[in-house]
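> A structural model of the following input is requested.
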Amino acid sequence: MAARPWLAETSDDPDFVRFLFEDQYRIARLGVGHLYPEHMDFVIQRTGQSIGRLTLDFGYSDWRISIMEIHPEARRKGNGADVVRSLQRGAAGSKMALTGAALSYPPGALEFWMRQGFRVIASRPPHVELAWYPPGRPWPQPVPAAVPQYG
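Modelled structure (predicted):
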């Protein structure tokens with residue numbers, strides 16, 4: 001609930017707001033399960049306290065970060081960066097790319113991923129697709145747009 005505070009602003013009825021949070025979570029879980037049936041869910045902890053969650057799909061060509069949420073009180077303390085660095089170390093050992101998507105908002109979300117060494121590889125508003133490649137694995141070259149041939 002803390003990761004989606006805007007849902008609380010939809011109504012003054014606490015039961016309705018709770019329903020929105022639970023329904024939105026249920027739909028998100030169905031979507032992740034459909035797109036990444038072999039994903040794994042992790043609870044992010046710091047000194048025994050749950051401070052976030054991570055949903056990760058260990059694919060054949062990349063590890064997809066589907067969801068990474070850090071509780072607002074635990075943000076801007078290096079916790080998210082620590083999680084990403086751990087994933088990067090694991091991925092680098094297997095020469096795997098890390099991929100994911102970030103919202104164009106809230107302010108600072110995209111900048112966070114850029115500071116971790118990710119690059120924007122596609123834009124699908126309101127999301128941008130991101131990737132990080134380990135040392136020794138070259139970044140893919142962009143495919144030039146097809147030029148129409150007239151005869």
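> In this structure, spot the helix with the most residues.
In the chain, taking DSSP state H as the definition, the longest helix is helix 14-35.
> So which residues of this structure form strands?
40-46, 49-58, 62-70, 97-103, 119-124, 127-132 (DSSP state E).
> Make TSV from these and add mean neighbour count to it.
To be clear about C-beta, it is placed using only N, CA and C from the backbone, and glycine gets the same treatment. Formatted as TSV, these follow (neighbours: other Cβ atoms under 10 Å):
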stretch	mean neighbour count
strand 40-46	13
strand 49-58	17
strand 62-70	19
strand 97-103	19
strand 119-124	11
strand 127-132	19
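> what angle sits between the longest helix of the chain and strand 49-58?
Orientation of helix 14-35 against strand 49-58 (axes from the mean of the first three to the mean of the last three Cα atoms, to 10 degrees) gives an angle of 30 degrees.
> What ranges in this structure fall below the confidence cut-off?
Within the chain, the stretches with pLDDT under 70 are 1-4, 29-34, 36, 142-151.
> right, so of the strands of the chain, which gets closest to Leu7?
Ranking these by proximity to Leu7 (Cβ to Cβ) places strand 62-70 first, at 13.5 Å.
> and the closest one, what does it pack onto?
With contacts taken as 3 or more Cβ pairs under 8 Å, 6 or more residues apart in numbering; DSSP states H and E, strand 62-70 sits against helix 14-35, strand 49-58, helix 79-93, strand 97-103.
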